[in-house]
Each structure stands twice: as structure tokens, then as C-alpha cells.
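1. Sequence plus predicted model, see below.
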Amino acid sequence: MLFQPDLETMARPELEQLQLTRLQQTVERVYNLVPFYRRKLNEAGVRPENLKSLKDLHHLPFTCKGDLRNHYPFGLLAVELEEVSRIHGSSGTRGKPTVVGYTHRDIQHWAEVCARALVTAGGRPGDIFHNAYGYGLFTGGLGLHYGAERMGAALVPVSGGNRSRQATLIQDFRPRGIGGTPSFILSLAETLEERGEDPRATSLEYGVLGAEPWSDQMRQTLEEKWGIDALDIYGLSEVIGPGVAMECHQAKEGLHIAEDHFLPEVVDPKTGEPLPDGEFGELVFTSLTKEAFPILRYRTGDIAALMRETCRCGRTHTRMSRVKGRIDDMLIIRGVNVFPSEVEAALLEEEEVSPHYQLIVTREGSLDRLTLEVEVDGDHLDGRLEMDQPYWGQLCNRLQSRLKDVLGVTTGVQLREPRSIPRSEGKAVRVIDQRKEAQTRK
């Protein structure tokens, strides 16, 4: 089943012509209506009439998160404020928040791509959909809210937190689909298990999971615990929110980008030069249909690769790999690049530990030190009784060896008691970087 089959299976030449037309319209719009973009385009020597093919996209200037913050709150809008129907933004934990606006038509397009995403995941009209994404300025909750209603589902707007109540609602309302961060959906399974109940006995059949990088090993864990198809959704508020790309349940081989709305690229994070398909680099998106907040070549900070081959589900749009990590979440330990998702994939090969972990980064003298704190799986601990038994020391050594092979850097390992690492009510906190604190104390 496809939500918009004519668009989702469009022949490549026809799709690229549509993209070019919409790109030309978008560049003309920002040139005439957004002073920031007019200046940037003039500096790059580009006028709207210069765009003759999609290859000319690379002549357009990049947009970075700093540009959004520097024009806080409404300096990048391409409409008058009275035309804005919705305002979303980031939390602003690393400075001023980034603010994005939506016209009524933008909201309709957003609902459309989110409905398309839900159908791609296996959703269908008549479903009950349990939405555990956070509501508010964060775009996750409301994006899938309107997408589910557009698809024809009955939407349960639970939001994040309160795992016990959510577990009860899942049992009572019997939803077919669920949305949330992978770490939170995992903690919901634990809540049911603590009650002595089996998550696989619920009505859930598919999960639309995102907002944090997660590994195929985490997917396997979630599918085994819940008995669902665990599928990856991608989006970010600067581009529109969730619905930019979605994994199909038929193949689970990359996320289908809604290319009629968003033009994707992958570039070298250092040079900004385009990279060939299949090579990992920084994801860049240009919006093609947004009215209030059109954006040119936005550098997302996410590391992924692109694939152009038609998927066996029949969709022809470009797919992106699952996000490997974020540039700003990448740890550099003694000259080696480390992504939390690589650590997750390695540790979940060991059945004696759970998917709950944190990476602690400290500095000893002039050298950085990385320590993995990971919970022991409760079922295995029951059989081994004491955490100080030699068996657990052997497990630590095994994990250290595996991480050394995968990451190329020595990692300390500390085993923790079950349920001793704090559970997230939204995005999991995977990295605790204590290096700045140590420097401040000096």
C-alpha cells in the first residue's frame, strides 16, 4: 500500500523535472523575500534565472544552524508574521533556539509527508496510533499527530513520559502502531515486564521510531521484545520536522526521502564538496515546497549516505542510510572518531548486557579516556548472583576487546546493576563529557 502512489513511484526524469521547477521557484522566493538569502546568493554570484539544471544546486550557498540563531526569532521568514499558522523551535540548550514557521499550506504538506511515512511503515486507515513523541515546540509529536489523522487513523496523543500510564493505555486501547524514540519505547517494554506482562502480547504491529541515532542491533532488540516491525523515521524541524524520510517495512534497506518536497545531498563535512552515492558524509537538504520557512542547502550535522536504486517496495525516490551519528555528537578520542551508535552495535552483540548504557569521557593529564557504563541484563544476573564474580570480569574483558576492534581505541568498561542508568523520557542521553568540567576546575 502507498499513500500517494503517483508521486512515490514517479519515473526519475519526471521527478527531476518537478524538483527543478520547484527549486527554481524556491530560490526566486527567498531571493525576493528573505534579505539574508538575497545577500548570500549575490555573494555567490547566483541569481534565480541562473538555475538551469539540478546540477546547479551546488552553486547555491549553504545554510547552517548558526544562521538560524543569528536571525532569531523571525529574520528568515519568507512571509509576513500574520500569515504564519504555527511556530516551532528547538530547546535552545546550546544557545538561542532555532525558530521555524509554517503557513497553513506548510502544515498541510507536513501532514501529507507524515501520513506517507506512516503508510510506508505499514500503517493503514482505521489504525489506532499511540503517539509517544513529545508535544510542544519539538516537532515530533504534532508532526505525526497530523500525519496519523491525515492517514485516517485514530490518534492517541499521549506524548512522552509516564511509562506506567502509557503501558496501561497500550493494553486498554489496543493500538496497532506506536511512535517514539527507540530508547523510550524500550523502556516501555521494561515497564510491562516489571508488571510480569509480555510486551509481545500487546496489539502493536509496527513502531515509527526516531529522533535519536540507533543501531540495527537496537532494532533487533525492540522487535524481539515487542514482536513488531521497528522502523526508522527521519526529520528535523529546520527542514519541516518528522516525515522527511521513512523506512519501508517491506525492505528495511534505507529511508525513502520525500523527494518531491526535499532535495537531498551528502557533502564532505570539512570541505563541503559533494560526495558520490554510497559514501558517508553530512546530509544536506533544500526544501522545495515550504512557504513560511524555505531553506537552501541546510547542513543537518547528520552523517549518512544516499542510494538511488529503486526499492523492492516499488518506491522510486532516493533513499538515505540510517543516520550513523551526528557531527556534534561524534567523540574524538586520541585522534579516533567515535559515534555512540557504533558502541551500541558492538555491545548488543553480548546477550549478558542490556541496551542501556552511557559513555563517560574524562581527561587524565593530556589524554582523553572513554569509559562505557552498561547495565547487566537482569535475567543473566539472576543466574550469576554477585556482580563481583570472575564471570563478570571476563565479560568486561570481552567487551573491551570487542570495542577496541570496532572503534580502534581502548575503552574502559564498568558493569552496572539492572535499571541503574537513568531512563530517558525522550531522547536518550548517551554521552557524559566531563572534559570541560575538568578544565574549568583547573
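-> Sure thing, it's come through. Numbers count the residues shown, from 1 in each chain.
2. Name the spans of the stretch 51-200 of the chain whose pLDDT lies under the cut-off.
-> Counting by pLDDT under 70, the stretch 51-200 of the chain has low-confidence residues at 91-95.
3. quick one: the helices in it?
-> With DSSP state H, counting those that start in this stretch as the criterion, the stretch 51-200 of the chain has helices at 65-70, 104-120, 139-151, 163-173, 182-194.
4. can I get these in TSV with distance to Tyr234?
-> Glycine gets a C-beta too; all of them are placed from N, C-alpha and C. TSV is the format used below for the helices of the stretch 51-200 of the chain (distance: least, C-beta to C-beta, whole Å):
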stretch	distance to Tyr234
helix 65-70	17
helix 104-120	9
helix 139-151	11
helix 163-173	24
helix 182-194	13
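5. of these, which approaches Leu399 most closely?
-> Leu399 lies closest to helix 182-194 among the helices of the stretch 51-200 of the chain, at 19.6 Å (C-beta to C-beta).
6. hmm, who's touching that closest one?
-> 132, 160, 163-164, 166-167, 170, 178, 180, 198-199, 202, 207, 209-210, 212, 214, 218-219, 221-222, 225-226, 230, 355-356, 419, 423-428 (C-beta atoms under 8 Å, 6 or more residues apart in numbering).
7. tell me which residues in stretch 203-214 are buried?
-> Residues 204-214 are the ones in stretch 203-214 that count as buried (16 or more other C-beta atoms under 10 Å).
8. spatially speaking, which residue is in the middle of the chain?
-> The C-alpha lying nearest the average C-alpha coordinate of the chain belongs to Ala211 (C-alpha atoms, centre = their mean; 3.8 Å).
9. Without its sequence neighbours, what residue ends up closest to that one?
-> Sequence neighbours aside, Thr181 is the residue nearest to Ala211 in space, at 4.9 Å (criterion: C-beta to C-beta, 6 or more residues apart in numbering).
10. is it true that Arg322 touches Leu255?
-> Yes - using C-beta atoms under 8 Å, Arg322 makes contact with Leu255 at a distance of 7.0 Å.
11. shared neighbours of these two, which are they?
-> Taking C-beta under 8 Å, 6+ apart as the criterion, Arg322 and Leu255 both touch 232, 247.
12. ok, those two, which is more surrounded?
-> When Arg322 is set against Leu255 and neighbours are counted by other C-beta atoms under 10 Å, the residue ahead is Leu255, at 27 against 21.
13. Give me the distance between stretch 256-272 and the centre of its chain.
-> Centre-to-centre, stretch 256-272 and its host chain are 15 Å apart (C-alpha atoms, centre = their mean, to the nearest Å).
14. typed the wrong thing, it's stretch 11-27
-> With C-alpha atoms, centre = their mean as the basis, the mean position of stretch 11-27 lies at 26 Å from the chain mean.
15. quick one: pLDDT of Tyr298?
-> The predicted local confidence for Tyr298 comes out at a pLDDT of 98.
16. show me where the stretch 201-350 of the chain has strands.
-> Counting by DSSP state E, counting those that start in this stretch, one finds strands in the stretch 201-350 of the chain at the ranges 206-209, 229-236, 241-247, 255-257, 262-267, 281-287, 298-304, 306-307, 319-320, 325-326, 331-333, 336-338.
17. With distance to Val406 added, can I get these in a markdown table?
-> Rendered in a markdown table, the data for the strands of the stretch 201-350 of the chain read as follows (distance: least, C-beta to C-beta, whole Å):
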| stretch | distance to Val406 |
| --- | --- |
| strand 206-209 | 23 |
| strand 229-236 | 21 |
| strand 241-247 | 24 |
| strand 255-257 | 24 |
| strand 262-267 | 23 |
| strand 281-287 | 21 |
| strand 298-304 | 16 |
| strand 306-307 | 24 |
| strand 319-320 | 23 |
| strand 325-326 | 14 |
| strand 331-333 | 13 |
| strand 336-338 | 9 |
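18. before we move on, the earlier item: spit out the contact partners of the residue nearest to the centre of the chain.
-> Residues near Ala211 by C-beta under 8 Å, 6+ apart: 133, 140, 181, 242, 426-427.
19. per-residue pLDDT, it?
-> Per the predicted model, pLDDT is 89 at Ala211.
20. go on, Val336?
-> Val336 carries a pLDDT score of 76 in this model.
21. same deal with Arg416?
-> Reading off the per-residue confidence, Arg416 sits at a pLDDT of 88.
22. For the nearest residue to it once chain neighbours are set aside, grab phi and psi.
-> Spatial nearest neighbour of Arg416, chain neighbours left out: Glu375 (4.9 Å); criterion: C-beta to C-beta, 6+ apart. The main-chain torsion angles of Glu375 are listed as degrees, to the nearest 10 and equal phi -80, psi 140.
23. what's the distance between Glu375 and Val338?
-> For Glu375, the distance to Val338 (C-beta to C-beta, to the nearest Å) stands at 20 Å.
24. Compare the two (neighbour count), which wins?
-> Neighbours around Glu375 and Val338, counted as other C-beta under 10 Å, are more numerous at Val338. The numbers are 24 against 19.
25. residues near the closest residue to Arg124 other than its chain neighbours, how many?
-> The spatially closest residue to Arg124, leaving aside those adjacent along the chain, is Met1, at 6.2 Å (C-beta to C-beta, 6+ apart). The burial metric for Met1, expressed as a neighbour count using other C-beta under 10 Å, is 10.
26. Then Leu57?
-> What Leu57 shows, counting by other C-beta under 10 Å, is a neighbour count of 19.
27. Report the contact partners of it.
-> Taking C-beta under 8 Å, 6+ apart as the contact definition, Leu57 lies against 23, 51, 263, 265, 286, 297.
28. repeat for Val84
-> Val84 is in contact with 77, 101-103, 292, counting by C-beta under 8 Å, 6+ apart.
29. coming back round to it: quick check: which of the strands of the stretch 201-350 of the chain is nearest to Ala345?
-> Ranked by C-beta to C-beta, the member of the strands of the stretch 201-350 of the chain that lies closest to Ala345 is strand 325-326, at 11.2 Å.
30. Would you write a PyMOL line that selects the buried entries of the contacts of helix 182-194?
-> Selecting the buried subset of the contacts of helix 182-194 in PyMOL, with 16+ other C-beta under 10 Å as the burial test, is done by:
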select buried, resi 132+160+163+166+167+170+178+180+199+202+207+209+210+212+214+218+219+221+222+225+226+230+355+356+424+425+426+427+428
